[in-house]
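Novice: The following comprises the amino acid sequence and a computationally predicted model.
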Amino acid sequence: MKVDSESGEVVARLTLKRGKLTRRWRMRYDRVEPTEKIDSRFDTRRSPFKLKKLHPRNIGVLYLYALAWLLYTLWVPNTWLTWLTHRSVINQQAILLVVAVGLIVPLASGVFDLSIAATMSATAVTVSWLLVDRQWSVVAAIAAAASLGLVIGTLNALLVVKIRIDSFIATLGVSSVLTAFGVWRSGNRSIIGLPESFLSLTTEFALGLRTSVVIAIVLAGIVWFMLEHTPVGRYFFATGGGRDAARLAGIHTDRYVTAALMVSAFIAGLAGILLASQYGSTQAQSGAPYLLPAFAAVFLGSTQFKRRFNVLGTLLAVLVLQSGVKGLQLAGVAVLWVENLFFGLALIISVGLSTYQRRVHGGQRRWWRREESGPDYLLGRVLGWGRGVARADIETQSEWWHDPSDAGAYHHRPPRARRKKLKRYLPRWVTRAIRKDR
């Protein structure tokens, strides 16, 4: 066959043909008619890069980061435009990235894990207690703390899958129990004096970046590959999208919910170990400040790129949120409530955007269309679009003859059968008398 080098399409194929003069059969090239263009609405092939991927709805985090760069460049150029500032942001938030990446898995499976912060605290206190008070080796203490994370994940799965407690309530209760464990094990004091061999786990690696940054990137790559390029990841998303439908399709949803909670707790345990190594001391609630930022980063990342929970969006959300807080601190807004306010607003806005995108861009309503934004919405009332639903139509929605597909409310109650008029059977003088009386 002959292939066009520019378009990559087949232009001719070898076929067996009979000569018109010699009447002999020979293999000759037969021209292939060019394929018709496929309507883009029905094209299921992999499409090339499109400009709509640059829409703020898809990569709004990047535009927000660029806006923050421009703002802080004009506001505090001497401190913002230095590698030291951004290096400190990356080093400080490597642990947050580890926690957020682990949180993606249960959220993709449709369950919450509110015990990640308490798991961090419990594992950090455990590894510090074993190293300082019990004089264990570094490898044994890390293995024990990581095993504790798996035990916590198994406990969460037992409460959610077997006992059928809602994941929000179950993990919240486990979080309270782990907080009590941390206070008891640490004696409500800071554990200090960790060995240098343990502290060296998070020392400087290259370009001023710590080893914890490398560990966070490696974990993010593993979770990204698992969710995006393996059947296991598709089963996680299927379980989160609809557990009953996934179970009817043959997926063991209980197994994947259990695995998701165990993965989340295990990664949170690793984050607790890195936390103890990076700061050199631990307390009973060392991981509490990471709960709200982790959820804010994951939900804000879910509004980007794929409109579902994804690793790349979470990574960029962590960077943008922490850069915004750092810029405010450099500008002199160094009050204690700035960070909590920043992450709280980010969580509210991200959840609101994800809900709005599912409601509007998911097919229910497109606000810029005149036929879909009537007077029942703000834009329709301002511009005077369409006509509202009649009051009589609202009152008759429970009737059997109501047509819900009639958005214009043009349906009415079916007319009753006309009764035959009595005047047809009365004499003419009687009907005249009735008219006179009227």
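Specialist: Alright, I've got the coordinates.
Novice: Walking through the chain, point out its strands one by one.
Specialist: 2-3, 10-18, 25-31, 204-206, 209-210 (DSSP state E).
Novice: In CSV, could you pull the C-alpha coordinates for the second one?
Specialist: Taking Å, rounded to 0.1, in the frame of the first residue of the first chain, the C-alpha atoms of strand 10-18 are listed here in CSV:
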residue,chain,number,x,y,z
VAL,A,10,-3.6,5.2,2.7
VAL,A,11,-3.9,6.5,-0.9
ALA,A,12,-3.5,3.2,-2.8
ARG,A,13,-3.8,-0.5,-2.2
LEU,A,14,-2.6,-3.5,-4.1
THR,A,15,-5.5,-5.3,-5.8
LEU,A,16,-5.8,-8.2,-8.3
LYS,A,17,-7.0,-6.7,-11.6
ARG,A,18,-7.5,-7.9,-15.2
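Novice: Walk me through which strands it pairs with, and which way each runs.
Specialist: Strand pairing for strand 10-18, determined by DSSP bridges: strand 2-3 (antiparallel), strand 25-31 (antiparallel).
Novice: Run a quick neighbour tally on V320.
Specialist: The number of residues packed near V320 is 23, by other C-beta atoms under 10 Å. Every C-beta, even on glycine, is put in place using the N, C-alpha and C of the backbone.
Novice: show me the contacts for it.
Specialist: Residues near V320 by C-beta atoms under 8 Å, 6 or more residues apart in numbering: 61, 64-65, 68, 300.
Novice: how about a cut-off of 7 Å?
Specialist: 61, 64-65, 68 (C-beta atoms under 7 Å, 6 or more residues apart in numbering).
Novice: Once you drop chain neighbours, what's closest to it?
Specialist: Nearest residue to V320, sequence neighbours excluded (C-beta to C-beta, 6 or more residues apart in numbering): Y65, at 4.7 Å.
Novice: Would you tell me which one of the strands of the chain is buried the most?
Specialist: Most buried of the strands of the chain, by mean neighbour count (mean count of other C-beta atoms under 10 Å): strand 209-210, with a mean of 19.
Novice: Now for L81: which residues touch it?
Specialist: T73.
Novice: swap in S190?
Specialist: S190 sits next to 281-283 when contact means C-beta under 7 Å, 6+ apart.
Novice: any weak-confidence spans in the stretch 301-438 of the chain?
Specialist: Confidence mapping of the stretch 301-438 of the chain against pLDDT under 70 gives the ranges 334-336, 353-427, 430, 433-438.
Novice: at 80 what do you get?
Specialist: Along the stretch 301-438 of the chain, the parts satisfying pLDDT under 80 run over 306-307, 332-343, 345-347, 349-438.
Novice: again with the stretch 151-300 of the chain
Specialist: 206.
Novice: Also the stretch 1-150 of the chain?
Specialist: Within the stretch 1-150 of the chain, the segments meeting pLDDT under 80 span 1-11, 13-61.
Novice: One more pass at 90, please.
Specialist: For the stretch 1-150 of the chain, the stretches with pLDDT under 90 are 1-93, 133-134.
Novice: for it, what spans make up the helices?
Specialist: All helices of the stretch 1-150 of the chain, identified by DSSP state H, counting those that start in this stretch, fall at 56-75, 77-80, 83-92, 94-108, 116-132, 138-157.
Novice: For A216, which of these is the nearest?
Specialist: Closest approach to A216 among the helices of the stretch 1-150 of the chain is made by helix 94-108 (4.4 Å; C-beta to C-beta).
Novice: Give me the helices and strands touching that closest one, please.
Specialist: Taking 3 or more C-beta pairs under 7 Å, 6 or more residues apart in numbering; DSSP states H and E as contact, the helices and strands that helix 94-108 lies on are helix 116-132, helix 211-229, helix 231-241, helix 253-279, helix 291-302, helix 311-330.
Novice: Sounds good, over and out.
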